[in-house]
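# model this:
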Amino acid sequence: MLTLKELLKPRSTPLYLFENFRTAAEAHPASMIHLDALQPAFPELGLHVTYADAAVAVARCGDQVIARGIEPGDHVVIYKSALFDSYLLAVAVSYAGAVPVMISPHLDAGTVTVMAARLKRPWLIHDAETVKKAADISSVEESRKLDARDIRDVVVERSTGSGQKPGVLDIAYMTHTSGTTGIPKLIAHSPTSMGWRVTWQRRVLSFVDSKGLVAFHISPVHSRFNIGVSSLMSYGHSFLNIGDPQEDNVEAVLRKYRPIALESHPNHLVRWTSILDRDPSVFASVKYLHSTFDAVNKGTMLKYLSASSHRIPVYLQVYGQSECGPMVLRAHTRTTLRFSDARWMGIGMPKLTRVRVVDGTGNPLPRGEQGAIEMFSRGRAVTYYGEEERFAQNLRDGWWNSGDQGELGRARQLALHDRQVDLIDDVRSTLAIEDALLDKLSFLNEVVVVRTPDGDPQPVVSVATGHEMDWDAWWTCVADLPRLEAPVVLPFDRFPRTATMKIQRNRLEQLLRTETTHVG
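Got it, this is the predicted structure:
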């Protein structure tokens, strides 16, 4: 656990992926990594592997990567199935001194072609899930496209050792934005920026018993994945990576491993409430819950906390962005949730992150006035690779324009209202409306308010498995809300989403304009 001095005077150590992995393995060789499926690029690991054995496998893969011709400073796109071995490949690429570029397998070949064209003569690693799409990516030379199985089959007679590390301020890792409004941007991270994010995360983890198992389902291409795993390993936590988010698999692995902590994307946690409704004991072992970078409605948080067998379980809600890392946090308990508004996200981490709300010219607004949310983070990313001017346009005297709208309250607590591009006239916060509907209507597992062609608020909803749309309850519930159009009902899987399950609202609006859908 961190000392009081460390908490008050945070220090950061630059994060190098392989170096952190190896150091953790040396300090905690017997700590376990549990997986819910065999990993295509590392099948020898099985479903249970120690830190020590995983580090050996990653170093071996790093030598194989070097043998295939990858050199320090090379850009290496990792574009494969969304499993834990995506991260292990990134660590192996880091061993070689190259720069992992994490790209979601959900993106099509045309999109990845545009993204890869921004890089310097990149390599690309794929697997069976992405092999066909990889063949259509024209901005990567054919000789520099590698199948993960082919890397595994390379025979290395003698290890050459790890390659030259990038400088502490150089680009060492890339992820990408969600792409909710177009082609995703490549977010460049340095060892220093990643190190500060680990410092932030270690503060949180210092309160979690390291003897308990941590479970998570996070997209392996999200910046959060690297920071989360690096932080867990630095403390020696055994952990379970949940690769398959389907309800039956989640229920099975949580029953088997009984984790003390659980983290996932907000929309996955909302969907998994169907498990809670059937049998809340599945989550009884969980004392600490954590949602990544977005808000969750109060009813969902309360369901998870109520299912816990611990006396005072905690739901840590964190708001942030890939460009800045985790920014604002607020801890909820069963008691506090009954008297709080989940839209209030909390405060920044002292000496690490701050937020402010400004008007259109950048002047800070007083408490209670709505405006643009700007962030100041010691872990802010370096740039958008290949789109540096676009990145700079979002900066104002070191403050990052989040693209979100909100207000500040007492003690500088932040309320999140909406994305700036999703604002609807005469609606203060569509997110607050969505929360209210989800909290009051238990038969729904998704509510999104988008715009009609005329700019009016259009709710789109999904009915939870085993339930039917209760129209009487709907109309009673919306009677006290701002005027809404009649809801459109869609199956949960029809909502267009990013790799982290965020709703792509602009694509949803387009879907509603081009398809005939059941309207109540």
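
# Need the per-residue pLDDT for residue 352.
On the pLDDT scale, residue 352 is placed at 93.

# wouldn't it be in contact with residue 195 here?
No - in this structure residue 352 lies outside contact range of residue 195 using Cβ atoms under 8 Å: 11.5 Å. For glycine as for every other residue, the C-beta is placed from the backbone atoms N, C-alpha and C.

# what do these two both touch?
Contact with both residue 352 and residue 195 is made by residues residue 379, according to Cβ atoms under 8 Å, 6 or more residues apart in numbering.

# For the host helix or strand of residue 197, the averaged confidence score.
The secondary structure element spanning residue 197 is helix 191-205 (assigned by DSSP states H and E). Here the mean pLDDT over helix 191-205 is 94, rounded to a whole number.

# next SSE after it?
Sequence-wise, the next helix or strand beyond helix 191-205 is strand 214-217, with elements assigned using DSSP H and E.

# how distant is the helix or strand just after that following strand from the center of its chain?
Going down the chain from strand 214-217, the next helix or strand is helix 223-235, by DSSP H and E. Between the centre of helix 223-235 and the centre of its chain there are 12 Å (Cα atoms, centre = their mean, to the nearest Å).

# How many residues are close by residue 466?
By other Cβ atoms under 10 Å, the residues close to residue 466 number 9.

# try residue 376
17.

# Is it correct that it is in contact with residue 349?
No - judged on Cβ under 8 Å, residue 376 makes no contact with residue 349 at a distance of 11.2 Å.

# And the contacts of stretch 243-255?
Counting by Cβ under 8 Å, 6+ apart, residues outside stretch 243-255 touching it are 35-37, 82-84, 215, 217, 240, 242, 262, 264, 268, 271-272, 274-275, 279, 282-283, 285-286.

# If we use 7 Å, what do you get?
Under the criterion Cβ atoms under 7 Å, 6 or more residues apart in numbering, residues 35-37, 83-84, 215, 217, 240, 242, 268, 272, 274-275, 282-283 lie in contact with stretch 243-255.

# Mind checking which of the residues you listed are in helices?
Assigned to helices by DSSP state H, the following of the contacts of stretch 243-255 qualify: 268, 274-275.

# Scan the chain for its longest helix.
Among the elements of the chain assigned as helix by DSSP H, the one spanning the most residues is helix 51-67.

# helices or strands up against that one?
Here helix 51-67 touches helix 17-27, helix 85-95, helix 148-152, going by 3 or more Cβ pairs under 7 Å, 6 or more residues apart in numbering; DSSP states H and E.

# can you list the residues that contact that helix?
Counting by Cβ under 7 Å, 6+ apart, helix 51-67 makes contact with 18, 21-22, 24-25, 28-29, 31, 33, 42, 44-45, 88, 91-93, 95-96, 151, 154, 156, 159-160, 162-163, 233, all of which sit outside it.

# Against residue 28, how distant is the residue located most distally from the centre of the chain?
For the chain, the C-alpha lying farthest from the average C-alpha position belongs to residue 157; by Cα atoms, centre = their mean, that distance is 38.6 Å. Between residue 157 and residue 28 the distance, using Cβ to Cβ, to the nearest Å, works out to 31 Å.

# Can you check the distance spanned by stretch 387-396, start to finish?
Stretch 387-396 has an end-to-end distance of 17 Å (Cα to Cα, to the nearest Å).

# one step back: could you list every helix and strand in contact with the helix holding residue 197?
In terms of contacts (3+ Cβ pairs under 7 Å, 6+ apart), helix 191-205 is packed against helix 223-235, strand 325-332.

# Would you format these as TSV with distance to residue 463, mean neighbour count and mean pLDDT included?
Formatted as TSV, the helices and strands packed on helix 191-205 follow (distance: least, Cβ to Cβ, whole Å; neighbours: other Cβ atoms under 10 Å; pLDDT from 0 to 100):
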stretch	distance to residue 463	mean neighbour count	mean pLDDT
helix 223-235	30	24	94
strand 325-332	27	23	92
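
# could those go into a markdown table alongside distance to residue 366?
Shown next, in a markdown table, are the helices and strands packed on helix 191-205 (distance: least, Cβ to Cβ, whole Å):
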| stretch | distance to residue 366 |
| --- | --- |
| helix 223-235 | 33 |
| strand 325-332 | 19 |
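
# ranges for the strands of the stretch 401-520 of the chain?
Chain-ordered strands for the stretch 401-520 of the chain, with DSSP state E, counting those that start in this stretch as the definition, fall at 414-419, 444-451, 457-463, 488-489.

# Reformat the ones you listed as JSON lines; add distance to residue 107, mean pLDDT and mean neighbour count.
What follows is those, written out as JSON lines (distance: least, Cβ to Cβ, whole Å; pLDDT from 0 to 100; neighbours: other Cβ atoms under 10 Å):
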{"stretch": "strand 414-419", "distance to residue 107": "20", "mean pLDDT": "88", "mean neighbour count": "21"}
{"stretch": "strand 444-451", "distance to residue 107": "21", "mean pLDDT": "89", "mean neighbour count": "22"}
{"stretch": "strand 457-463", "distance to residue 107": "23", "mean pLDDT": "92", "mean neighbour count": "21"}
{"stretch": "strand 488-489", "distance to residue 107": "26", "mean pLDDT": "94", "mean neighbour count": "18"}
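
# Minimum distance to residue 113: which of those has it?
Evaluated over the strands of the stretch 401-520 of the chain, closeness to residue 113 peaks at strand 414-419, with 27.0 Å, by Cβ to Cβ.

# so where's this structure uncertain?
Per-residue confidence for the chain (pLDDT under 70) gives these ranges: 1-10, 180-181, 293-294, 499-500, 515-520.

# can you give me the helices for the stretch 301-450 of the chain?
Assignment of helices within the stretch 301-450 of the chain using DSSP state H, counting those that start in this stretch yields the ranges 334-337, 388-392, 430-440.

# Tell me which of those helices sits most buried.
Of all the helices of the stretch 301-450 of the chain, helix 430-440 has the most neighbours on average by mean count of other Cβ atoms under 10 Å, namely a mean of 21.

# what number of residues lie near the closest residue to residue 72 other than its chain neighbours?
With Cβ to Cβ, 6 or more residues apart in numbering as the measure, residue 97 is the residue that lies nearest to residue 72, at 3.1 Å, once sequence neighbours are left out. Counted by other Cβ under 10 Å, the residues lying close to residue 97 total 22.

# if I pick residue 97, what's in contact with it?
Under the criterion of Cβ under 7 Å, 6+ apart, the contact partners of residue 97 comprise 72-73, 162-165.

# what's the farthest-apart pair in these?
Pairwise distances across the contacts of residue 97 peak at 13.6 Å for 73 and 162 (criterion: Cβ to Cβ).

# And these two? Which one has more around it.
Neighbours per residue, other Cβ under 10 Å: of residue 73 and residue 162, the larger number sits with residue 162, 20 against 15.

# which residues does the more buried one contact?
For residue 162, the contacting residues are 18, 62, 95, 97, taking Cβ under 7 Å, 6+ apart as the criterion.

# Identify, from the residues you listed, the entry nearest to residue 464.
When the contacts of residue 162 are compared for distance to residue 464 (Cβ to Cβ), residue 18 wins out at 43.2 Å.

# Just to check, that closest one is in contact with residue 93?
No - distance between residue 18 and residue 93: 8.8 Å, which falls outside the contact criterion (Cβ atoms under 7 Å).

# Name the residue in these two with the higher neighbour count.
For residue 18 versus residue 93, the count of surrounding residues by other Cβ under 10 Å is larger for residue 93: 30 against 22.

# pretty sure the more buried one is touching residue 100, no?
Yes - applying Cβ under 7 Å, one finds residue 93 in contact with residue 100, separated by 4.5 Å.

# Report the set of residues contacting both of those two.
residue 76.
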